[in-house]
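**Student:** Here is the input, now give the coordinates:
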Amino acid sequence: MKTVTIGKTVLPAIGLGTWHMGDDPRREKQEIAAIRAGLTAGAQLIDTAEMYGDGRAERLVGKALQGYAREQVYLVDKVLPANANAVRMEASLDQSLRNVGTDYFDLYLYHWRGSTPLEETVSELNRLQATGKIRHWGVSNFDRADLEELWQTPGGDQCVVNQDLYNIGERGIEYDVLPWQQAQKMPLMAYSPVAQGDTLGTQRLTNNRVLRAIAQAHQVSVFQVMLAWVIRQPGVIAIPQTSQPEHAQQNVQAGDLYLTEQELIQLQQEFPTPTQKQPLAMI
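**Tutor:** Numbers count the residues shown, from 1 in each chain. This is a model prediction of the structure:
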């Protein structure tokens, strides 16, 4: 399986997202089974956030991990902009730790930029890292200019990852964000790698003739082809979300799928690389 190194930890290039999970108690058992199926298939990273269901996704992750050794998983959580300051961040972090039922997060992300000065947010992230409550920190929904400002901020170069929306139908970050991160050796965590959260976008991709033909040739799903495409280059980890155990297993198995050079050329022709700067895609 392809791997990505975040900090000093080598991880499978397919992780597990949890956005919209934990919202419906009737689906709790199935969602827990989906997380466990993904872990059984080989995933290690689980991504969640205090924003997801006001903590319900965090609590679901905690239930799913009962019986697992803490070292078996790489836990990622995120702090809301309103809490990303010296007054509120540690209390917010402590609540998230309680929700998940752990003493530390492997990675803690600034979910998106808010009104707090970046220097204050970075200073607090580094302070919390020193306490051991988080092992590393990163950012999410940062554009090229945000990343450049971060790098010029005292302590900002301790950031180990940026999480942005990225899939074959939304390649805007390839113009300037991804090249900058590659130059800095900063991994990209791709959320919505199969266009989750965009129903029309998902339908457009799953019905695409080129994607369908490639999926058929490999005897896999279109979703697996899209995931294999996202992680085709080094330093990119994808975090698809699904509440279906079978789909979770298939998502992780996409880490073993290698597209041929000809297939990559076909996909490039169908979904060309952007030739100019585009607004950062977010959902």
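**Student:** same question for stretch 243-253, mean pLDDT?
**Tutor:** Average pLDDT, stretch 243-253: 98.
**Student:** Give me the distance from that stretch to the chain's centre.
**Tutor:** 16 Å (C-alpha atoms, centre = their mean, to the nearest Å).
**Student:** ditto for stretch 186-205
**Tutor:** 11 Å.
**Student:** how far does that stretch stretch from start to finish?
**Tutor:** End-to-end distance for stretch 186-205: 28 Å, by C-alpha to C-alpha, to the nearest Å.
**Student:** same check, this time on stretch 21-37
**Tutor:** For stretch 21-37, the first-to-last residue distance is 15 Å (C-alpha to C-alpha).
**Student:** Need the residues that contact that stretch.
**Tutor:** 16, 18, 46, 52-53, 56-61, 63-65, 241-249 (C-beta atoms under 8 Å, 6 or more residues apart in numbering). Backbone N, C-alpha and C define where each C-beta goes, glycine included.
**Student:** List buried residues within these.
**Tutor:** Those of those that meet the buried threshold are 16, 18, 46, 52-53, 56-61, 64-65, 241-243, 245, 247-249, by 16 or more other C-beta atoms under 10 Å.
**Student:** just the strands in the stretch 151-283 of the chain please.
**Tutor:** 162-165, 188-191, 236-238 (DSSP state E, counting those that start in this stretch).
**Student:** Quick one: mean pLDDT for the last one?
**Tutor:** If I follow you right, that is strand 236-238. 98.
**Student:** Please state the offset of that strand from the chain centre?
**Tutor:** What separates the centre of strand 236-238 from the centre of its chain is 7 Å, taken as C-alpha atoms, centre = their mean.
**Student:** worst-scoring helix or strand of the protein, pLDDT-wise?
**Tutor:** Lowest on mean pLDDT, DSSP states H and E among the helices and strands of the chain sits helix 199-206, with a mean of 82.
**Student:** State whether I283 and N167 are indeed in contact, as I suppose.
**Tutor:** No - using C-beta atoms under 8 Å, I283 is not in contact with N167; the gap is 10.9 Å.
**Student:** Overlap of the contact sets of those two?
**Tutor:** S192.
**Student:** neighbour-wise, which of these two wins?
**Tutor:** Per other C-beta atoms under 10 Å, whichever of I283 and N167 has more neighbours is N167, with 25 against 13.
**Student:** could you list every residue that touches that one?
**Tutor:** Here N167 is in contact with A190, S192, P193, V194, A195, G201, L205, M226, V230 (C-beta under 8 Å, 6+ apart).
**Student:** And D103, by the same measure?
**Tutor:** Here D103 is in contact with R70, L97, K133 (criterion: C-beta under 8 Å, 6+ apart).
**Student:** how about the last one, what does it touch?
**Tutor:** Contacts for K133 (C-beta under 8 Å, 6+ apart) come out as E90, L93, D94, L97, D103, Y104, F105.
**Student:** Point out where this protein drops to low pLDDT.
**Tutor:** Applying pLDDT under 70 to the chain flags the ranges 197-200.
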